[in-house]
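Trainee: Quick one, structure for this:
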Amino acid sequence: MVLPLLAAACSSPQPFNVTVTNLTPDTLQVFLTKYKPPYEKNFEPPEQQLILRDQVTALPLPPDQSAHIVVKMDIGNDNVAMLQVYRTPDAQRALGMSRGNPGRVDYPIDPGYSNVAFKLDDKGALVGMPFNADLKPPVAPK
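Mentor: Residues are numbered from 1 along each chain as shown. Prediction:
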């Protein structure tokens, strides 16, 4: 009876196949991470990267560009994979943007394929959404 409980508690790496599109007029910094620790190497949020390696490395995504990420990550049963996306040209500047900042989005993703776009809303805040062909081009904030 203990074996099934142990098997349920253990998790194995899950595949993530993510396309990210920048529909803003600015460069975005993209981090693939988890909502909470334990973080795996190369999947840490910027704050943790700075502590571990004294540097911050993100995927820079220029305006009107897409990037494709294919990885396996061990999420665990009580955690969520997420894209942390920052509207800044420099990954180091992401450190000053906490949750709730209009230049940051924490976008949860599920294992398997995700196609996500980031744009600015009517107030100039960064927002993420599933990408489809019906999305309109970005509009500069007023």
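Trainee: distance of the residue positioned nearest the centre of the chain from Tyr35?
Mentor: Nearest to the geometric centre of the chain sits Leu83, at 1.0 Å (C-alpha atoms, centre = their mean). According to C-beta to C-beta, to the nearest Å, Leu83 and Tyr35 sit 11 Å apart. Heads up, the C-betas are built off the backbone N, CA and C, glycines and all.
Trainee: same check, this time on Phe16
Mentor: Noted for Phe16: a distance of 14 Å to Tyr35, by C-beta to C-beta.
Trainee: Could you check which of these two is surrounded by more residues?
Mentor: The residue with more neighbours, out of Phe16 and Tyr35, is Phe16; 21 against 14, by other C-beta atoms under 10 Å.
Trainee: Assign Leu50 to helix, strand or coil.
Mentor: At Leu50 the chain is in helix, as set by DSSP: H, G, I helix; E, B strand; the rest coil.
Trainee: wait, what's in contact with it?
Mentor: Each residue near Leu50 by C-beta atoms under 8 Å, 6 or more residues apart in numbering is listed here: 56, 95.
Trainee: Kindly check the end-to-end length of stretch 98-111 for me.
Mentor: End-to-end distance of stretch 98-111: 25 Å, with C-alpha to C-alpha, to the nearest Å as the criterion.
Trainee: ugh, wrong one, stretch 23-43
Mentor: Using C-alpha to C-alpha, one end of stretch 23-43 lies 24 Å from the other.
Trainee: buried set for that stretch?
Mentor: Buried residues in stretch 23-43, counted by 16 or more other C-beta atoms under 10 Å: 23-24, 27-34, 39, 43.
Trainee: could you measure the residue nearest to the residue nearest to the centre of the chain when sequence neighbours are not counted against Asp54, distance?
Mentor: Leaving aside its sequence neighbours, Leu83 sits nearest to Tyr107 (C-beta to C-beta, 6 or more residues apart in numbering; 4.5 Å). For Tyr107, the distance to Asp54 (C-beta to C-beta) stands at 27 Å.
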